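Colleague: pasted the sequence and its predicted model underneath.
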Amino acid sequence: MEVQLNTLFVVTRGATVRRDHLTLKVVVEKQTKLTVPIHQLDGLAVFGGIHVTPWAMALCAEHLVAVSFLTESGRLTARVDGPGSGNVLLRREQFRAADDEGKRTLVAK
């Protein structure tokens, strides 16, 4: 089974993106226009004056769905990602290696 993840684009002025259990709901003038399960998304892009509730953002962060806030013309104003995974000790060793001329030359070759 192939899983394809999608980005949800919300462009309707005055819309609100809400959380409903494990789904995101797009509500416009107190009417639900769209419901999408969170596991089908890898991104949420909202354009202009659209409200994303804190609970919807928390759901996106838990499931590593990036939330991008853009102006109505499409200019990026902010992006919110979930917590990144990584090893702090590995990163520190990588920075030390980058500062060491011998290791840096070896990697460049």
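Modeller: Arrived safely, thanks for sending. Numbering: from 1, shown residues only.

Colleague: switch to C-alpha atoms for all contacts and neighbour counts from now on
Modeller: Fine.

Colleague: is it true that His51 touches Val17?
Modeller: Yes - with contact defined as Cα atoms under 8 Å, His51 counts as touching Val17 (6.2 Å).

Colleague: so what's the residue most central in space within the chain up against?
Modeller: In the chain, the centroid-proximal residue (Cα atoms, centre = their mean) is Ala66; its distance is 0.4 Å. Going by Cα atoms under 8 Å, 6 or more residues apart in numbering, Ala66 touches Asp42, Gly43, Leu44, Cys60, Arg79, Val80, Asp81, Gly82.

Colleague: torsion angles phi and psi at it?
Modeller: When read as degrees, to the nearest 10, the backbone of Ala66 gives phi -70, psi 140.

Colleague: hmm, back to that, ok, of the contacts of Ala66, which come out buried?
Modeller: Among the contacts of Ala66, those classed as buried by 16 or more other Cα atoms under 10 Å are Asp42, Gly43, Leu44, Cys60, Asp81, Gly82.

Colleague: can you list those in CSV and add pLDDT and distance to Arg13?
Modeller: Putting the buried ones among the contacts of Ala66 into CSV (pLDDT from 0 to 100; distance: Cα to Cα, whole Å) gives the following:
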residue, pLDDT, distance to Arg13
Asp42, 91, 23
Gly43, 95, 19
Leu44, 96, 16
Cys60, 95, 21
Asp81, 88, 23
Gly82, 79, 26
